[in-house]
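*Asks:* just need the structure, nothing else, for what follows:
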Amino acid sequence: QVQLQESGPGLVKPSQGLSLTCTVSGASITMNDYFWTWIRQPPGKGLEWMGAITYTGRTYYSPSLKSRTAISRDTSRNQFTLQLWSVTPEDTAVYYCAKGWGFLGITVDYWGQGTQVTVSS
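*Replies:* Here you go, the predicted structure:
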């Protein structure tokens, strides 16, 4: 059974950076053909694919977030991390990490429980 768990701050001030870590158990993030993905859902809105890191460490980003997003991984800890810079209140959302496959990993078969991030002064 694959499990993913997000961790990170729940409250961030505007203009600061945000860092979230996803700890994976039950599967290796170097497992062939899978994408390790970050997805968010702002209040009252739909899911937004933010980016992904593949089993080889290659990264892909949403064009709308690419300039202020980075995804990295620590294979020794079986974790991957999202960094988002220069946050605004519009970045307030529930952030999910997920295991995906197919084109950019948008077909998700396992989700983390999600973590609420609020951007507010």
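
*Asks:* residue nearest the middle of this structure, spatially speaking?
*Replies:* Nearest to the mean C-alpha position of the chain, by C-alpha atoms, centre = their mean, lies residue 38 at 2.5 Å.

*Asks:* please report phi then psi for that one.
*Replies:* Main-chain dihedrals, residue 38, degrees, to the nearest 10: phi -120, psi 130.

*Asks:* cool, and residue 22?
*Replies:* The phi and psi values for residue 22, taken as degrees, to the nearest 10, are phi -110, psi 120.

*Asks:* ok, it to residue 73 distance?
*Replies:* With distances taken as C-beta to C-beta, to the nearest Å, residue 22 is found 9 Å from residue 73. Every C-beta, even on glycine, is put in place using the N, C-alpha and C of the backbone.

*Asks:* now residue 99
*Replies:* Distance from residue 99 to residue 73, by C-beta to C-beta: 13 Å.

*Asks:* which residues touch residue 1?
*Replies:* Counting by C-beta atoms under 8 Å, 6 or more residues apart in numbering, residue 1 makes contact with residue 26.

*Asks:* what does the one 5 residues further on give?
*Replies:* Each residue near residue 6 by C-beta under 8 Å, 6+ apart is listed here: 20-22, 95-97, 112-115.

*Asks:* in strands, which of these appear?
*Replies:* Those of the contacts of residue 6 mapping onto strands are 20-22, 95-97, 115, per DSSP state E.

*Asks:* most surrounded residue in those?
*Replies:* Scoring the ones in strands among the contacts of residue 6 on neighbours with other C-beta atoms under 10 Å, the highest-scoring entry is residue 97 at 30 neighbours.
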